[in-house]
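A.B. asks: how would this look folded up:
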Amino acid sequence: MCGIVGFMYKNGAKAVPLGNRLSAMAGILGSRGLDSTGMALYGKLGRDHLVLRAQLAAESGEEGEAKLGRLRDRVGRFATVDKAIWTRNLARVEMSGVEKPDDLDLIRRITKAAEEADDIQVFSIGTSMEIIKDTGGAEELHVYNVEKFQGTHGLAHTRLATESIVNTCYSHPFWARPFADIAVVHNGQLTNHNILRRRFQQRGYDFLTTNDSEVIAVYIADKLLHGKTLEEALTDSITELDGTFTYLVATSDSLGFAKDRFATKPLVVAENDAYVALASEEVALAPVITSNTKVYEPTARSVRTWSR
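C.D. replies: Numbering: from 1, shown residues only. Model (predicted):
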């Protein structure tokens, strides 16, 4: 019984209070799961920039600064490190001078270098996306100043673990390694995720966890790589993913959802000319619903996308 949230500003603004909006909605959905909370936030960096978010657990400030220094040196092999900070469990490293920031091989090499020691796990790399997540409820993300994040669109998730372990790595959203700026939040269970994961691994893909939801992220990204539109990829997933699911996916400029053939997992959509908001329960949408907002519940096999 996880809670999923999506939000996109449709007016073309580049700096709007996205983090504040997602925080409020995720907080309302905390009753659907308090094991962990996470967000994929999309903002704007320079054209040649990448931002990396990783788990950097440390017992002391001295240990954290030492780990951050080693992480900075490793990723500095590939680009100029402009900023590097860590807060509680998470590090943020911003790089510039990246000639091809969406190059899959480059992102693979940066990820491998970052994770080669110190028990560091990379949660996201992107030109605009930052994944911030931790165990506990939405209030646990306040320490990372998510409410101050200015951006365009994003995802949020409140987790009630059913099969996999409870820790930060297994929290949502999941990044589609090694594709920049693609993330997924999911409510449900896949029964064929192990088969799909092995197929992707045989083709050279790497996974951080054994969670079924991470497979969805890579599945969608691989479809896009091979020429499918986001809507086509979502439509294919209805028949190619087995199990029960409602999931949201975000890219650098798009947001979409897909519901399985049984529609067992809830979703409510609120949309007007300014924005679209999605959540597992209408109560999380109440703060954004106005008189000119259309509110509806998608039916089984529903797919919808929005682009900025």
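A.B. asks: give me the low-pLDDT residue ranges for this protein?
C.D. replies: 13-14, 163-164 (pLDDT under 70).
A.B. asks: Can you give me the buried ones in stretch 153-160?
C.D. replies: Across stretch 153-160, burial judged by 16 or more other Cβ atoms under 10 Å covers 153, 154, 155, 156, 157, 158, 159. Just so you know, the C-beta spots here come from the backbone N, C-alpha and C atoms, and that holds for glycine as well.
A.B. asks: Closest one to residue 302 out of these, please.
C.D. replies: Closest approach between these and residue 302, by Cβ to Cβ: residue 155, at 17.7 Å.
A.B. asks: sorry, back to before: okay, and which of the buried residues of stretch 153-160 map to strands?
C.D. replies: Among the buried residues of stretch 153-160, the members falling in strands (DSSP state E) are 153, 154, 155, 156, 157, 158, 159.
A.B. asks: pretty sure residue 84 belongs to a helix, no?
C.D. replies: No - checked against DSSP: H, G, I helix; E, B strand; the rest coil, residue 84 lies outside a helix; its state is strand.
A.B. asks: If it is in a bridge, with which residues?
C.D. replies: Beta-bridge partners for residue 84, by DSSP bridges, are residue 93.
A.B. asks: How about residue 296?
C.D. replies: residue 269.
A.B. asks: Quickly note the distance from it to residue 285.
C.D. replies: Distance of residue 296 to residue 285, given as Cβ to Cβ, to the nearest Å: 11 Å.
A.B. asks: sorry, back to before: for residue 19, state which of the buried residues of stretch 153-160 is nearest.
C.D. replies: For the buried residues of stretch 153-160, the nearest to residue 19 is residue 154 (7.8 Å; Cβ to Cβ).
A.B. asks: so that closest one makes contact with residue 25?
C.D. replies: No - taking contacts as Cβ atoms under 8 Å, residue 154 lies outside contact range of residue 25: 10.2 Å.
A.B. asks: got any residues that touch both of residue 296 and residue 285?
C.D. replies: residue 268 (Cβ atoms under 8 Å, 6 or more residues apart in numbering).
A.B. asks: Compare those two and say which is more crowded by neighbours.
C.D. replies: residue 285 (21 against 11; other Cβ atoms under 10 Å).
A.B. asks: re the thing from before, which neighbours do residue 154 and residue 25 have in common?
C.D. replies: residue 7.
A.B. asks: Would you mind stating the distance between residue 111 and residue 45?
C.D. replies: 18 Å.
A.B. asks: Tell me which of the two has more neighbours.
C.D. replies: Set side by side, residue 111 and residue 45 show more neighbours around residue 111, with 23 against 19, by other Cβ under 10 Å.
A.B. asks: Check the secondary structure at that one for me.
C.D. replies: Under three-state DSSP, residue 111 falls in the helix class.
A.B. asks: Can you give me the neighbour number for the residue nearest to it when sequence neighbours are not counted?
C.D. replies: Closest residue to residue 111 apart from its sequence neighbours, by Cβ to Cβ, 6 or more residues apart in numbering: residue 122 at 5.0 Å. Residue 122: 25 surrounding residues under other Cβ under 10 Å.
A.B. asks: May I ask which helix or strand encompasses residue 122?
C.D. replies: Using DSSP states H and E, residue 122 sits within strand 121-126.
A.B. asks: and the next element down the chain from that strand?
C.D. replies: Criterion used, DSSP H and E; the element after strand 121-126 is strand 129-135.
A.B. asks: centre of the chain versus that following strand, how much separation?
C.D. replies: 7 Å (Cα atoms, centre = their mean, to the nearest Å).
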